[in-house]
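In: Sequence and computational prediction follow.
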Amino acid sequence: MRELRVVGLEPDGSHVVLADPATGDKFRIPVDDTLRAAARGDLARLGQLQIETNSQLRPREIQARIRSGASVEQVAEEAGIPMAKVERFAYPVLLERSRAAEMAQQGHPVRPDGPAVETLLEIVTQAFRTRGHNIDAATWDAWRDDDGHWVAQLQWNAGRSTNSAHWRYQPDAHGGTIVALDDIANDLVDPDCARPLRYLTPVYSARDVDDTLDTDTVGERVPAAAEPITLDRAEPEPAEQEATAEAEAPAVDAPEDVEAESVSEDDPQPKLAPQHTPGKDKRGKPALPSWDDVLLGVRSNGRA
């Protein structure tokens with residue numbers, strides 16, 4: 001790099017004249033803000049001027065983008081300049097956003113019956129505790145919208161999903177008021193904070209039914225509710241079986257002239273079971289004698 005020395009100014013004062021001591025060649029440079037900042041040693045001003053020269057965004061525009069919610073990475077990528085040069089102008093705006101987020105946490109959410117007594121941070125902490133979330137793992141942020149109002153954001157992870165709630169913050173002498181901007185923010189400040197944020201109901205369709213199962217397999221897996229259950233009872237003694245058979249045998253009503261000649265009055269009648277009705281079958285209808293019983297004058301139990 002060759003060294004040059006200042007020779008003087010041009011008559012109109014718009015350029016500085018420089019000369020090469022070795023060759024005597026003369027050069028000139030414009031007298032502008034960059035030269036003045038370099039002469040004063042103002043490095044901040046030099047960086048600002050460099051950003052204005054190398055990118056389409058001026059420092060004021062960079063700060064406006066950061067204040068509206070953009071990150072340093074987004075602005076640097078858009079402007080095509082290193083992040084270090086953007087951070088130089090973004091730092092004071094980031095502090096402003098952090099302070100606004102802290103003030104919004106102390107605001108009072110507005111409900112249908114008026115502003116709540118508790119602050120936004122207290123209400124959200126209770127809602128998180130009820131739903132099993134950790135408020136310490138959530139992050140707060142704030143920025144200004146297009147109308148100039150502060151928007152506070154609470155962001156947290158639940159499983160594999162990222163949830164965000166947004167409120168509009170209006171500062172005042174009593175801590176400020178908070179108005180929910182979306183459904184999640186409204187649910188968090190709802191007095192009935194025990195409700196889940198999302199309501200999921202399983203929906204079954206015809207595709208969910210497996211038709212490949214065999215009928216026999218289904219029959220094995222689904223018990224037949226209509227089949228009666230039979231309890232095992234002890235086998236009765238032979239004498240008891242004979243008595244029961246005689247008791248359950250239906251009586252035959254023969255004609256009076258035939259039965260009077262065949263049956264003696266001294267013949268003891270068998271004792272019938274309490275649940276059995278004499279002369280009736282299981283369906284409750286009178287039992288009819290067979291034709292042989294009528295001619296021979298015998299009963300259906302085999303005795304004359």
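Out: Nice, I can see it. Numbers count the residues shown, from 1 in each chain.
In: Quick check: buried residues in stretch 107-125?
Out: By 16 or more other Cβ atoms under 10 Å, the buried positions in stretch 107-125 come out as 107, 108, 109, 110, 116, 119, 120, 121, 123, 124, 125. Bear in mind the C-beta positions are built from the backbone N, C-alpha and C, glycine included.
In: and that stretch, how far apart are its ends?
Out: 14 Å (Cα to Cα, to the nearest Å).
In: Please apply the same query to stretch 142-152.
Out: End to end - Cα to Cα - stretch 142-152 spans 4 Å.
In: So for that stretch, what gets flagged as buried?
Out: 142, 143, 144, 150, 151, 152.
In: could you give me the average pLDDT of it?
Out: For stretch 142-152, the mean pLDDT works out to 94.
In: could the buried residues of stretch 142-152 go into JSON lines alongside secondary structure and distance to residue 183?
Out: Putting the buried residues of stretch 142-152 into JSON lines (DSSP: H, G, I helix; E, B strand; the rest coil; distance: Cβ to Cβ, whole Å) gives the following:
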{"residue": "142", "secondary structure": "strand", "distance to residue 183": "20"}
{"residue": "143", "secondary structure": "strand", "distance to residue 183": "20"}
{"residue": "144", "secondary structure": "strand", "distance to residue 183": "23"}
{"residue": "150", "secondary structure": "strand", "distance to residue 183": "20"}
{"residue": "151", "secondary structure": "strand", "distance to residue 183": "16"}
{"residue": "152", "secondary structure": "strand", "distance to residue 183": "16"}
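In: what's the farthest-apart pair in the buried residues of stretch 107-125?
Out: Within the buried residues of stretch 107-125, 110 and 125 form the most distant pair, 18.6 Å apart (Cβ to Cβ).
In: Show the low-confidence segments of the stretch 201-304 of the chain, by residue range.
Out: 201-289, 294-295, 297-304 (pLDDT under 70).
In: redo that, cut-off 50
Out: Across the stretch 201-304 of the chain, residues meeting the criterion (pLDDT under 50) sit at 213-215, 217-219, 221-222, 224-226, 231, 234, 251-265, 267-268, 270-277, 304.
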